[in-house]
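Trainee: sequence and predicted structure, then a few things I'm wondering about:
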Amino acid sequence: MRHSVILGHRGAVSATPRPARNTEKHKLSVATGLAGLSLDAMASVSYGPEAIVLVLALAGHAGIGFTLPVTIAIAVLLAVLVASYRQVIAAFPQGGGAYAVAKKHLSPRASLAAAASLIVDYTLNVAVSIAAGVAALTSAFPALLPYTVWIALAILGGITALNLRGIAESARVFMLPTAIFVVSIFTVIIAGLFRDQPAAVATPFLADNAHSIGILLLLKAFSSGCAALTGVEAIANAVPSFKTPRVRNAQRAEVVLGILLGTMLIGLAVLIEKFSLTPVHGTTVLSQLTSASLGNGVGYYVVQFSTVILLALAANTSYGGLPNLMRLLAEDNVLPHRFSRKSRREVFTYGVLSLGGVAALLLLASGGHMNTLVPLFAIGVFIGFTLAQFGMVRHWLAERTPGWKWRLALNGFGALLTAVAAVVTTAMKFTEGAWLIAFALPALILGMERIRGAYTHIGTRLTTVDGVEFSRGVRVEPAVLVPVAELTALSVRAMAAATAMSSEPIAIHVCMGEESTADFTHRWETRYPDSHLIVIEDTENSVGLSLARYIRTHFPHQETFAVVATIDPATRWHKFLPSQRTDEIAGVLRKHTEAVVCQIPVRIDPADRYRPLRA
């Protein structure tokens with residue numbers, strides 16, 4: 001994050017301390033940091049346990065009995081990650097998480113891998129959160145189940161539209177729904193622990209041909225449940241957003257997040273085994289647990305609605321995170337620079353639209369089903385985890401500050417665990433859609449490398465001045481060419497601009513097929529009796545290519561300008577009406593010649609007097 005100096009009148013440094021106090025007032029505390037940055041992790045409670053149960057249910061009731069051990073293994077990994085990310089927060093107080101660590105201590109490609117994993121994580125978070133929210137809604141109101149995809153797309157469209165309008169998110173606003181959700185989950189857990197029999201349980205549907213319980217089944221359940229670890233790194237990405245002392249407050253928020261998430265996951269796993277819950281079509285596991293603990297009264301609907309709201313807010317956090325990440329990547333020349341531009345509403349429009357578009361494709365491809373998307377979630381997350389931990393190992397080897405050995409051991413152990421988890425998750429879920437992530441990550445990295453190479457090439461060409469000399473001798477006037485098709489307002493405007501550039505502009509007309517060149521020449525010379533007109537044949541079956549060939553042949557070593565007049569429609573409707581041939585000619589000349597193409601816009605205003613022509 002860049003640090004700025006507040007300037008007073010005429011650039012003098014302001015002496016008043018008020019701006020600093022006001023800025024600090026808007027920073028995050030531990031509580032608001034949890035509300036604003038941990039929604040992804042908190043929301044994973046709604047689909048993490050279900051992902052485990054879906055796999056273990058293949059082994060019948062005996063398989064459900066392993067829900068708690070698998071969840072405890074995930075909680076242990078969560079504890080290691082929390083401890084490791086506390087070190088990341090201390091070592092990188094400027095924020096940035098895995099991308100910042102990999103960029104400094106690993107290779108440029110490793111930093112791109114971290115960035116790609118974050119992009120995938122942010123995008124899947126939107127799709128999974130919305131799908132999980134719709135699943136919670138349809139569990140409470142089964143009549144809505146056939147409209148799952150449309151509801152998901154409507155929610156996505158609403159969130160995207162709000163973010164395009166610049167609706168700012170506030171951590172203080174998020175505190176209430178986050179608190180209600182956490183209290184609701186703990187209420188379900190505590191009430192369930194004190195119940196001897198479930199208040200109400202849906203009829204389970206176990207597999208007809210139950211599988212035996214083996215190591216592969218447990219590994220698959222573990223890899224599915226690891227989706228609950230998404231969002232653990234979010235606090236480390238935003239350390240500068242915390243109040244002073246930033247590092248300590250961010251570390252405390254990370255620990256509280258780990259304790260809350262781990263406790264909720266283990267508590268729900270205990271209830272799953274206690275009530276022997278299994279997957280039911282059209283009903284989430286969290287919905288079954290709530291029904292079993294609280295019944296189907298008001299408490300049930302409070303939990304379901306709080307889950308829907310929190311999941312919608314969790315999806316919205318990606319709209320705050322990914323466009324900013326894409327801005328950083330654009331500033332590092334690995335994404336197009338347009339991703340770094342803000343609209344008048346201070347919104348990164350291209351980032352918001354890209355996120356919404358890809359999330360919509362994921363929802364359509366998955367049919368809006370949460371359990372189809374969850375297996376894709378953990379792979380990119382664990383790649384980011386692994387890169388961050390390996391980068392921290394390099395950090396401690398280089399810094400060797402007091403206590404560096406045990407810190408190195410902690411990050412090394414975390415790197416080993418997350419690397420193994422990444423391999424296991426990819427292997428177990430490869431045929432269930434993980435191949436898509438295995439393809440998308442290298443494709444993103446390759447694409448970013450190509451973009452960086454293109455910007456490097458452009459920068460080199462623009463900054464290289466060796467061999468470029470300014471001649472003070474006899475100056476050769478450049479050739480100014482005006483492609484013309486007919487004697488219209490376009491050609492008149494183009495000739496006027498060309499005459500301002502050169503005393504002897506050259507008009508070029510490409511003769512098409514059976515066209516009478518004599519008639520065109522007569523009309524042209526009547527309008528411009530002293531101009532130089534060249535008529536050429538269409539040798540390439542293309543006006544643009546014929547012009548390009550003529551320029552390469554007759555002006556090989558002379559500086560050349562091509563003046564092309566184009567229609568500038570005054571309304572969006574009019575943009576679909578012109579033939580766009582002049583735009584095509586300009587594009588061909590840029591691609592196939594060294595000529596400098598000057599496009600002169602000719603504005604066509606909408607009809608004001610003739611109502612049928614208005615648009």
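Mentor: Noted; the coordinates are in hand. Bear in mind the structure is a predicted one, so any value in this text is a computation, not a measurement. Numbers count the residues shown, from 1 in each chain.
Trainee: the closest residue to Leu547 other than its chain neighbours - how many residues pack around it?
Mentor: In this structure, Leu547 finds its nearest non-sequential neighbour in Pro483, 5.7 Å apart by CB to CB, 6 or more residues apart in numbering. Where you see a C-beta, it was placed from the backbone N, CA and C, and this is true even at glycine. Number of residues near Pro483 (other CB atoms under 10 Å) recorded here: 25.
Trainee: list the contacts of Pro483.
Mentor: 508-510, 543, 547, 562, 564, 585 (CB atoms under 8 Å, 6 or more residues apart in numbering).
Trainee: could you do Leu353 as well?
Mentor: Counting by CB under 8 Å, 6+ apart, Leu353 has contacts 160, 164.
Trainee: go again with 10 Å.
Mentor: Contacts of Leu353 were listed using CB atoms under 10 Å, 6 or more residues apart in numbering, and they are 160, 163-164, 323, 347.
Trainee: among those, which are in helices?
Mentor: Applying DSSP state H to the contacts of Leu353, the entries found in helices are 160, 163-164, 323.
Trainee: need the contacts of Pro483 in TSV (columns: distance to Ile272).
Mentor: Output for the contacts of Pro483, formatted as TSV (distance: CB to CB, whole Å):
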residue	distance to Ile272
Ile508	78
His509	80
Val510	75
Val543	71
Leu547	72
Ala562	72
Val564	69
Ile585	68
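Trainee: pick the one among those residues closest to Ala378.
Mentor: Ile585 (51.4 Å; CB to CB).
Trainee: was I right about the closest one contacting Ile551?
Mentor: No. At 11.6 Å, Ile585 does not count as touching Ile551 under the criterion of CB atoms under 10 Å.
Trainee: for those two, list the residues in contact with both.
Mentor: The contact lists of Ile585 and Ile551 share 483, 562, where a contact means CB under 10 Å, 6+ apart.
Trainee: tell me which of these two has more neighbours.
Mentor: Ile585 (25 against 22).
Trainee: model confidence over the strand or helix carrying that one, on average?
Mentor: For Ile585, the host element (DSSP states H and E) is helix 581-592. Averaging pLDDT along helix 581-592 yields 82.
Trainee: got it, and stretch 501-511?
Mentor: Rounded mean pLDDT across stretch 501-511 is 86.
Trainee: how long is that stretch from one end to the other?
Mentor: One end of stretch 501-511 to the other measures 26 Å (CA to CA, to the nearest Å).
Trainee: surely Ile235 and Leu39 touch.
Mentor: No. Using CB under 10 Å, Ile235 makes no contact with Leu39, being 11.5 Å away.
Trainee: name the residue in these two with the higher neighbour count.
Mentor: Comparing Ile235 with Leu39 by other CB under 10 Å, the one with more neighbours is Ile235, at 34 against 29.
Trainee: need the contact list for the more buried one.
Mentor: The neighbours of Ile235, taking CB under 10 Å, 6+ apart as the test, are 28, 30, 33-34, 36-38, 41, 82, 85-86, 88-89, 95, 97, 241-242, 249-257.
Trainee: please apply the same query to Ala498.
Mentor: 480-482, 504-507, 531, 561-563, 565, 598, 600 are the contacts of Ala498 under CB under 10 Å, 6+ apart.
Trainee: can we see that at 7 Å?
Mentor: Ala498 makes contacts with 480, 482, 505, 563, as judged by CB atoms under 7 Å, 6 or more residues apart in numbering.
Trainee: low pLDDT regions in the stretch 1-150 of the chain?
Mentor: 1-26, 96 (pLDDT under 70).
Trainee: my read is Arg523 is in a strand, agree?
Mentor: No. Secondary structure of Arg523 (DSSP: H, G, I helix; E, B strand; the rest coil): helix, not part of a strand.
Trainee: quick one: neighbours of the residue nearest to it when sequence neighbours are not counted, just the number.
Mentor: Leaving aside its sequence neighbours, Arg523 sits nearest to Leu487 (CB to CB, 6+ apart; 5.4 Å). Leu487 sits with 15 neighbouring residues when counted by other CB under 10 Å.
Trainee: what sits against Leu487?
Mentor: By CB under 7 Å, 6+ apart, Leu487 lies in contact with 523-524, 527.
Trainee: which one of the residues you listed sits in the busiest neighbourhood?
Mentor: Trp524 (20 neighbours).
Trainee: these two touch, right, that residue and Leu533?
Mentor: Yes. Using CB atoms under 7 Å, Trp524 makes contact with Leu533 at a distance of 5.5 Å.
Trainee: overlap in contacts, the two.
Mentor: Ala507.
Trainee: so how far is Phe561 from the residue nearest to Arg523?
Mentor: 21 Å (CB to CB, to the nearest Å).
Trainee: Ile508 now?
Mentor: 12 Å.
Trainee: okay, and the common contacts of these two?
Mentor: With CB under 7 Å, 6+ apart, Ile508 and Phe561 have common neighbours Leu481.
Trainee: would you map the helices across the stretch 151-300 of the chain?
Mentor: 171-193, 215-225, 234-237, 246-275, 285-294, 298-331 (DSSP state H, counting those that start in this stretch).
Trainee: tilt between the fourth one and helix 285-294?
Mentor: If I follow you right, that is helix 246-275. With axes from the mean of the first three to the mean of the last three CA atoms, to 10 degrees defining the directions, helix 246-275 sits at 70 degrees from helix 285-294.
Trainee: what is the burial count for Glu477?
Mentor: Using other CB under 10 Å: Glu477 sits among 11 other residues.
Trainee: ok, now Ala131?
Mentor: Neighbours of Ala131 using other CB under 10 Å come to 31.
Trainee: list the contacts for it?
Mentor: Shown in contact with Ala131 (CB under 7 Å, 6+ apart): 152, 363, 366, 368-370, 373.
Trainee: select from those the one having the most neighbours.
Mentor: Busiest of these [other CB under 10 Å] is Ala152, holding 28 neighbours.
Trainee: quick check: closest non-adjacent residue to it.
Mentor: Nearest residue to Ala152, sequence neighbours excluded (CB to CB, 6+ apart): Gly368, at 4.2 Å.
Trainee: could you verify that that neighbour is part of a strand?
Mentor: No. Gly368 is assigned coil when assessed by three-state DSSP, not a strand.
Trainee: re earlier: of the contacts of Leu487, closest to Leu408?
Mentor: Closest to Leu408, out of all of the contacts of Leu487 and judged by CB to CB, is Trp524, at 79.8 Å.
Trainee: enumerate every residue touching that closest one.
Mentor: Contacts of Trp524 by CB under 7 Å, 6+ apart are 487, 507, 533.
Trainee: wait, which of these is closest to Glu432?
Mentor: Using CB to CB, the contacts of Trp524 come closest to Glu432 at Ala507, 64.4 Å.
Trainee: mind listing the strands the helix or strand where that closest one lies pairs with, and their directions?
Mentor: According to DSSP H and E, Ala507 maps onto strand 506-511. Strand 506-511 has the following sheet partners, assigned by DSSP bridges: strand 479-483 (parallel), strand 532-537 (parallel).
Trainee: helix or strand next in line after the shortest one, which one?
Mentor: Tracing the chain C-terminally past strand 479-483 and defining elements by DSSP H and E, one meets helix 489-501 next.
Trainee: which of the residues in that following helix are buried?
Mentor: For helix 489-501, burial by neighbour count (16 or more other CB atoms under 10 Å) applies to 490-491, 493-495, 497-499.
Trainee: now swap in stretch 48-63 and tell me
Mentor: Neighbour-count burial for stretch 48-63, counted by 16+ other CB under 10 Å, picks out 48-60, 63.
Trainee: now the end-to-end length of that stretch.
Mentor: Using CA to CA, first and last residues of stretch 48-63 are 17 Å apart.
Trainee: next: stretch 44-63.
Mentor: 22 Å.
Trainee: helix or strand with the lowest mean pLDDT in the chain?
Mentor: Lowest on mean pLDDT, DSSP states H and E among the helices and strands of the chain sits helix 18-25, with a mean of 50.
Trainee: using a markdown table, lay out the contacts of Trp524 together with distance to Ala518.
Mentor: Formatted as a markdown table, these follow (distance: CB to CB, whole Å):
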| residue | distance to Ala518 |
| --- | --- |
| Leu487 | 14 |
| Ala507 | 16 |
| Leu533 | 12 |
